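> next come a sequence and a model predicted from it.
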Amino acid sequence: MNSMKLLVVCLFAVCCCSLANREPKIIRKLKEVLNELKTLNKTMKDNRQMVHSPKNIENCCSLKALDCFQNSLKEDLNASDSKLYYSLGKSLTRQGIKFCDGKKTPESCQNCTSYSKENLTQFFSSLESLIQKSITRLSLNKKR
């Protein structure tokens, strides 16, 4: 009987620990978006194609930059039926990407066409950087 109680307590402890260490849903979603980005990047044939590519994205401009990436996927790369395109528009993704320290207003952000045109390698690299930056920020906030 005591061994049964010990087994139940051990199982309960394992379950609690696994739930406590679980990544927040928003971080899991952003990691999923990263995988979709890598998959789409592998399928793109013409690496010489040039598209507007947000870089050095300032605080409070992350959502506007995300819209630019999504627009380029649709308009320039004809990838509006890709998982990545849909994932970028999901509220959970947008919530994870959005960060603002209040020093800049979204209205003063660059328009999509004001970003320089880059090849697809640089385009996907810039989008990956934005998502990674968001994951890092969310992970640090989680630890506080």
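Arrived safely.

> the protein: strands as residue ranges?
Ranges of strands within the chain are 50-52, 117-119, based on DSSP state E.

> the first one: how far from the chain's middle?
With C-alpha atoms, centre = their mean, to the nearest Å as the basis, the distance from the averaged C-alpha position of strand 50-52 to the chain average is 20 Å.

> show me what that strand is packed against.
Packed against strand 50-52 by the contact rule (3 or more C-beta pairs under 8 Å, 6 or more residues apart in numbering; DSSP states H and E) you find helix 62-75, strand 117-119. The way it works is simple: take the backbone N, C-alpha and C, and place the C-beta from them, glycine included.

> buried sites along it?
Neighbour counts over strand 50-52 (16 or more other C-beta atoms under 10 Å) mark 51-52 as buried.

> what sits up against it?
Residues outside strand 50-52 that contact it (C-beta atoms under 8 Å, 6 or more residues apart in numbering) are 68, 72, 76-77, 112-113, 115-120, 123.

> can you say which of those residues are buried?
Neighbour-count burial (16+ other C-beta under 10 Å) is assigned, among the contacts of strand 50-52, to 68, 72, 77, 112, 115, 118, 120, 123.
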